[in-house]
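*Asks:* starting from these lines, generate the structure:
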Amino acid sequence: MNLEATFGRSQPLVGMVHLDPLPGAPQFDGDREAIIENAREDARALEDGGVDAVMVENFGDAPFYPDDVPKHVVASMTQAAGAVVDEVALPVGINILRNDAMADLAVAQAVGAEFMRVNIHTGARVADQGVIEGQAYQTMRERDRLGVDVNVFADHDVKHSAPIAAEDFTAESFADNVERGLADATVVSGMGTGHAVDGKELQQAADRREEFGLDVPLFVGSGVTADTVGEILQIADGVIVGTALKAGDASGDPVSEVRTRELVEAADAVRQD
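*Replies:* Purely as a prediction, here's the structure:
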């Protein structure tokens, strides 16, 4: 994957647009218009704060479907993502929780998104939704069938889950996402939303990439802050940031343009372009 071709620069910062609970979710408050307007406002704040891309996620929909969301979720995600695409002049990504890659592809095709995130692309893990199995074989074939020009970001050792195998983080399992799963980028995250990635695990992922000669960008997908982004970008090729850019301390709070700018400035101090 060529980061400059997709994001306009190397080591991009991706800011999260965490959607309010969508229609059908237990915490949906009945205000459909507010969901769209809040998504627009968060996207504008992220763009004005200087991020290189945004990712739209149905963050408020807990408890999440494991791997096949209903059609109404796809429709709502398409509406929200389309509003974000119209609102900002940035690359847009899609992440439909918990792990519906087929829905990601459908929404990406409809709105012209440039990338998508799949939490469990290869292998199998235990999460609060039960056992979730990667479906790379289906995802990558469907991408080709639809002719969707969207990059697949695949998590390794994804947050809010545990491996089924006794030793999950091996050179082979890391490489499977790319060599056998054909992912375009790999994401390493902490144990949960807003939790920092373990520095040793990040370095291990970078070492595995070098060991296997994999030409794939490495992103950090949780716990990045203005204080840590500089150190992280000494190893990682990019970051996906949500909680640290919020006006409050919760991941569901509105995005703060000020906090976004602070993180971007900290990143710019070490980025080469």
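*Asks:* tell me, how many residues neighbour the closest residue to residue 203 other than its chain neighbours?
*Replies:* Nearest non-adjacent residue to residue 203, counting by CB to CB, 6 or more residues apart in numbering: residue 235, 6.1 Å away. For the C-beta atoms, the positions are set from N, CA and C on the backbone; glycine is no exception. Using other CB atoms under 10 Å, residue 235 has 16 neighbouring residues.
*Asks:* the one 5 residues further on now?
*Replies:* Here the count is done by other CB under 10 Å, and residue 240 has 23 residues near it.
*Asks:* which SS class is it?
*Replies:* Classification of residue 240 by DSSP: H, G, I helix; E, B strand; the rest coil places it in strand.
*Asks:* so it sits against residue 12, correct?
*Replies:* No: if you go by CB atoms under 8 Å, residue 240 and residue 12 don't touch, sitting 9.4 Å apart.
*Asks:* and residue 119, what pLDDT?
*Replies:* We note a pLDDT of 91 for residue 119 in this prediction.
*Asks:* tell me if I'm right that it and residue 155 touch.
*Replies:* Yes: shown here, residue 119 and residue 155 form a contact pair, counting by CB under 8 Å, at 4.9 Å.
*Asks:* now do the end-to-end distance for stretch 19-36.
*Replies:* 8 Å (CA to CA, to the nearest Å).
*Asks:* bridged to the residue nearest to the spatial centre of the chain, which residues?
*Replies:* The centroid of the chain falls nearest to residue 117 when counting by CA atoms, centre = their mean (4.7 Å). Applying DSSP bridges to residue 117 gives these bridge partners: residue 153.
*Asks:* number of nearby residues for residue 162?
*Replies:* 11.
*Asks:* check residue 204 too.
*Replies:* Neighbours of residue 204 (other CB under 10 Å): 17.
*Asks:* for residue 13, see how far away it is.
*Replies:* 23 Å (CB to CB, to the nearest Å).
*Asks:* lowest-pLDDT helix or strand in this protein?
*Replies:* helix 171-175 (a mean of 66; mean pLDDT, DSSP states H and E).
*Asks:* beyond that helix, next helix or strand please.
*Replies:* Moving toward the C-terminus from helix 171-175, the first helix or strand encountered (DSSP states H and E) is strand 185-188.
*Asks:* state the mean pLDDT of that next one.
*Replies:* 93.
*Asks:* what's the closest non-adjacent residue to residue 100?
*Replies:* residue 69 (4.8 Å).
*Asks:* the one you found touches residue 103, doesn't it?
*Replies:* Yes: counting by CB under 8 Å, residue 69 sits close enough to residue 103 to count as a contact (5.5 Å).
*Asks:* now the common contact residues for the two.
*Replies:* Shared contacts of residue 69 and residue 103, defined by CB atoms under 8 Å, 6 or more residues apart in numbering, are found at residue 96.
*Asks:* and for the nearest residue to residue 148 once chain neighbours are set aside, the neighbour number?
*Replies:* In space, not counting the residues next to it along the chain, residue 148 is nearest to residue 109; the distance is 4.7 Å by CB to CB, 6+ apart. When counting by other CB under 10 Å, one arrives at 18 neighbours for residue 109.
*Asks:* name the helix or strand for residue 109, please.
*Replies:* Per DSSP H and E: helix 101-111 holds residue 109.
*Asks:* run through who's touching that helix.
*Replies:* 68-69, 73-74, 77-78, 81-82, 85, 92, 94-96, 113, 115-118, 121, 135, 138-139, 142-143, 146, 148, 150, 152.
*Asks:* average model confidence for stretch 97-104?
*Replies:* 95.
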